Structures are given as structure tokens and as C-alpha cells.
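>>> what follows is a protein structure lacking sequence information:
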């Protein structure tokens, strides 16, 4: 793998202007699963380019103050230890990295320099360093270029996220599943763990594990559960919500089920 070279001047990270007259806006999406399989000599993407373009159009229309990508932006199929690796997935990671980095540069162009962008590490991004830690390459897992604190073998470095003014949330060893981003003091964004078989059960489990409202990915489903807490001082309402995914729903993305019931959405 080589770092992606995107022709893009480094984005300065100025303090965002104070929002007055309206609430701060956050655009949240995830589970893009940038990756490919070779089919008939051509690269067939796991990510859904139409859905990703709609995400860009939403960002352009609503001018968010921050964009949060909930993880599994890359599939990293070749680094999986869960599925039987197939020859049609060989030598596809670099092409996926190139495509993801280009999308991030396009997103930065659309939202402008004052919009904060965060990428939360998901279980698929974790594959990159987990694969090295479990093998003979463990000693090079955390090597970084002189003058840089980012490991060379990290998505942040390989996709050039810092150059684009994008913050990667979840650098080793505090990555998935610990990585989180607080959108405000009562709302946290995480990738998520596990997928319950019953629709809505994943959101209910997320709500049971945290006393704040949470937006999560991972399940590729649209789920929302709300709960009211009655305290001595006030009544609080908390919710756990998943908006779906931005990858294909046709079974192209490697998975372990006979049929998937995924839904797309930002």
C-alpha cells in the first residue's frame, strides 16, 4: 500500500465562526465500505456511488457545521480474518484507498474550510492494524514518518486525511470500539458493536449501554429507539438512532448472511 497523492493544498483549520440565529447542523453518515471485487476484468465497487453523491448534495444544500462519518468507510477486504478470502478481492485495496481519498477531497470542497469533518474508526478500519498485530509484521504496525505522529499503516496517513483538514477519531490503541465523537454534550456518535437479529433491538441495546443520546452505524439498518428518564430534578429524553448505510445493498459487500436487509440513508 502507498499513501494516496491527492492534488490538494493543506486545509488550514481555523476556528469555525460562531453560529447565531440557528442551531448547529451536523450531517452524519457512514458504512460506505469503499472496496472492490474484480468481475470480468473490471472493478465492481462495494460503495454505492449514487448514494454517496446524494450525501454530497445534502451537504451542499444544508451547509452543515460539521460532518461525521461513522466508520467502515473502507471495507479493507484483503485484511479480513473473518471471511475466506477470494481471488476476486486480491490487490483491490489501493484502488479503494484512491477512491475514498478523492471522495474526501470532494467532500471538503463541498462543505468548505470552516466545516469540521470527523472520521470515526469502525471495525473494518480496525482490520488494518489488527491484521498486523496478529502476524509477523507487528513490529512495524506503529512506525511513522519522521516529524509525524501518524502511523504509516493507518487510514489517516494512507488517505491523507490531515492534509484535507479531516480528523481521524480512533487512532490505535484507542480505536474501535472505543472511538467516539461528541456532537454536543448530550449527543455522541459511535460506530457501534454487534447486530441484533430483531429490527430495533440494536438501537435498544445501544440506549441501554449509555445515558446520553447516541447516533451509530454498523448495522446498515434504519433504527430509532427513544426512552424517557424521570429524575428528581427534571425529565430527560434519550434516543439511539441509526440512519443506515452508504454502501450497496445487493449483496456485493462480503457478509455472512444468506440475504441482507440493509437500508441506505444519511
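Right, received. Where do you want to start? Worth saying up front: this structure is predicted, and the values here are computed from it rather than measured.
>>> OK, contacts around the nearest residue to residue 248 once chain neighbours are set aside?
In this structure, residue 248 finds its nearest non-sequential neighbour in residue 48, 4.8 Å apart by C-beta to C-beta, 6 or more residues apart in numbering. For the C-beta atoms, the positions are set from N, CA and C on the backbone; glycine is no exception. Shown in contact with residue 48 (C-beta atoms under 8 Å, 6 or more residues apart in numbering): 246-249, 264.
>>> and the strands in this protein?
Ranges of strands within the chain are 26-29, 36-39, 42-45, 66-69, 116-120, 166-169, 180-184, 187-190, 213-216, 222-230, 235-243, based on DSSP state E.
>>> the fourth one: how far from the chain's middle?
Here strand 66-69 is found 9 Å from its chain centre; the criterion is C-alpha atoms, centre = their mean, to the nearest Å.
>>> so what does that strand touch, helix or strand wise?
strand 26-29, strand 116-120, strand 180-184 (3 or more C-beta pairs under 8 Å, 6 or more residues apart in numbering; DSSP states H and E).
>>> nearest to residue 151, out of the strands of the chain?
strand 166-169 (10.8 Å; C-beta to C-beta).
>>> what residue ranges in the stretch 151-266 of the chain score low on pLDDT?
Residue ranges of the stretch 151-266 of the chain with pLDDT under 70: 258-259.
>>> do you know how far the nearest residue in space to residue 186 that is not next to it in sequence is from residue 180?
Nearest residue to residue 186 in three dimensions, chain neighbours excluded: residue 212, at 5.4 Å (C-beta to C-beta, 6+ apart). For residue 212, the distance to residue 180 equals 10 Å [C-beta to C-beta, to the nearest Å].
>>> no more questions from me, cheers.
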